[in-house]
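In: Give the three-dimensional model of this entry:
(one chain, ligands or ions: 1)
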Amino acid sequence: MRLRDKKIIVGITGGIAVYKVAELVRLLKKEGMDVQVVMTESATRFVSPLTFETLSGREVLCEQFASTGGISHIELTDWADLMLIAPATANTIGKLASGIADNLLTTMVMACPKAVILAPAMNHRMYDNPIVRDNIKRLSELGHVFVGPEEGELACGWTGRGRLAEPARMVEAVKDVLTPKDLEGERLLVTAGPTREPIDPVRFVSNRSSGKMGYELAKEGRRRGAEVVLITGPTYLKPPYGVTTVMVSTAEEMYNAVMSYFPQSTIVVMASAVADYRPKLIYEEKIKKGESGLTLELERTVDILLELGRNKADKLLVGFALETDNLTENAKKKLREKNLDLIVANTPATMDSDSSSAIIIDSSLNIQTIGECTKEELSALILSRVVELKRRG
Ligand SMILES: Cc1cc2nc3c(=O)[nH]c(=O)nc-3n(C[C@H](O)[C@H](O)[C@H](O)COP(=O)(O)O)c2cc1C
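Out: Numbering: from 1, shown residues only. This next block holds a predicted model:
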């Protein structure tokens with residue numbers, strides 16, 4: 001999902017977590033969004049509007065009755081693609097649930113025809129108050145989207161549920177709301193990352209796959225409304241929000257996990273770099289350093305993609321090919337041999353990188369060349385092709 005050129009109103013209300021919203025505004029700007037900050041009077045007591053003005057590059061609006069340069073609260077809500085209120089205080093949540101519009105922010109929400117996301121943050125006792133819970137329930141039923149609060153240490157020194165959702169999580173919620181749900185009803189299985197084939201208790205054979213491509217595909221699939229299972233080899237990445245994540249280590253474990261989710265999946269994207277070979281013998285003790293060299297005998301692992309291609313029935317199957325030479329020809333060969341619907345071919349430069357260029361080939365051998373882009377953008381392009389193939393039937 002690209003947020004570039006999308007417009008957002010960030011409403012800030014008076015909670016101690018206001019300082020975290022500076023990071024949120026920075027992240028939204030980094031995504032290329034146009035950000036208009038609106039603060040309640042209480043919010044300005046915590047952090048000066050100057051901070052948000054500097055980060056957003058726009059004048060912060062606070063006053064209901066001040067001139068807004070000729071733009072009314074109605075026009076502003078027309079201008080924006082959505083609103084996000086962070087932190088959302090118990091007070092503002094209560095006002096919104098009761099239809100009170102007594103300051104610029106609550107008036108804007110009242111007039112807003114677009115999606116409204118609320119990120120509550122408060123002491124856990126306030127959050128547990130049945131009135132607050134009822135208000136949140138009412139607003140959810142009316143279509144407002146809630147992100148958080150999370151459990152943990154609260155800024156007021158207590159521990160419990162009431163922490164403002166992390167800024168990255170709020171950005172994800174924005175992407176979620178703005179992404180058309182064209183994979184609703186689909187069950188997407190994605191694999192990611194490398195496998196590790198043990199040599200002895202401390203050593204293994206592996207590769208440079210970071211898992212980033214598969215994780216981006218899983219996130220994009222969920223944003224588009226699919227039910228997503230991510231089967232991942234060892235990576236340093238955070239399990240994506242809202243995705244069933246299964247951690248595996250060896251090719252054999254990946255095979256078993258894939259096979260257990262394969263029957264109920266409708267779309268399968270194999271973006272993992274599964275080892276083709278593994279040591280034939282796994283030493284029980286750590287191999288000691290000797291005077292002479294050491295020869296390891298390797299044996300083939302199971303070819304998961306081939307197995308899936310043979311049994312795919314009406315599932316849509318997408319594979320990846322990483323080639324150092326003859327990229328297009330080798331990718332076409334793999335597409336045929338593995339009975340794939342789509343293959344994404346790229347070069348080793350993609351490994352462990354946040355960006356990639358690629359060639360996407362479908363089973364009619366149509367070739368789509370994609371220049372350097374982020375893996376998030378590439379995942380969106382791949383899943384758009386999947387949607388197109390699904391529609392064609
Ligand atoms: C130091 C301090 C911290 C506060 N933190 C929170 C908070 O985290 N969440 C909350 O709902 N209210 C918090 N409040 C209470 C709100 O500031 C108060 O309800 C205020 O009326 C909210 O106004 P607003 O919703 O218009 O911004 C805090 C108050 C003070 C003085």
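
In: For the stretch 251-393 of the chain, give the residue positioned nearest to the ligand.
Out: In the stretch 251-393 of the chain, the residue found nearest to the ligand is residue 376; the distance is 31.9 Å by C-beta to the nearest ligand atom. Just so you know, the C-beta spots here come from the backbone N, C-alpha and C atoms, and that holds for glycine as well.

In: can you confirm residue 340 is in a helix?
Out: No. Assigned with DSSP: H, G, I helix; E, B strand; the rest coil, residue 340 falls outside any helix and is coil.

In: Which secondary structure state does the closest residue to it other than its chain neighbours sit in?
Out: Excluding its sequence neighbours, the residue lying closest to residue 340 (C-beta to C-beta, 6 or more residues apart in numbering) is residue 319, at 4.7 Å. When classified by three-state DSSP, residue 319 comes out as strand.

In: Kindly report the same for residue 23.
Out: helix.

In: thinking again about what came up before, just the CA trace of whichever helix or strand the residue of the stretch 251-393 of the chain closest to the ligand is part of, in PDB.
Out: If you go by DSSP states H and E, residue 376 is part of helix 375-392. Taking C-alpha atoms only, helix 375-392 is exported to PDB below (Å, rounded to 0.1, in the frame of the first residue of the first chain):
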ATOM      1  CA  LYS A 375       9.600  -4.700  -1.400                       C
ATOM      2  CA  GLU A 376       6.400  -3.200   0.000                       C
ATOM      3  CA  GLU A 377       5.600  -1.800  -3.400                       C
ATOM      4  CA  LEU A 378       6.600  -5.000  -5.100                       C
ATOM      5  CA  SER A 379       4.400  -7.000  -2.800                       C
ATOM      6  CA  ALA A 380       1.400  -4.800  -3.800                       C
ATOM      7  CA  LEU A 381       2.200  -5.300  -7.600                       C
ATOM      8  CA  ILE A 382       2.500  -9.100  -7.100                       C
ATOM      9  CA  LEU A 383      -0.800  -9.300  -5.300                       C
ATOM     10  CA  SER A 384      -2.500  -7.100  -7.900                       C
ATOM     11  CA  ARG A 385      -1.500  -9.600 -10.500                       C
ATOM     12  CA  VAL A 386      -2.900 -12.400  -8.300                       C
ATOM     13  CA  VAL A 387      -6.200 -10.500  -8.000                       C
ATOM     14  CA  GLU A 388      -6.300 -10.000 -11.800                       C
ATOM     15  CA  LEU A 389      -5.600 -13.800 -12.400                       C
ATOM     16  CA  LYS A 390      -8.300 -14.700  -9.800                       C
ATOM     17  CA  ARG A 391     -10.800 -12.500 -11.500                       C
ATOM     18  CA  ARG A 392     -10.000 -14.000 -14.900                       C
END
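
In: other SSEs contacting that helix?
Out: On a contact count with 3 or more C-beta pairs under 8 Å, 6 or more residues apart in numbering; DSSP states H and E, helix 375-392 meets helix 212-223, strand 267-270, strand 316-322, strand 342-346, strand 355-362, strand 367-374.
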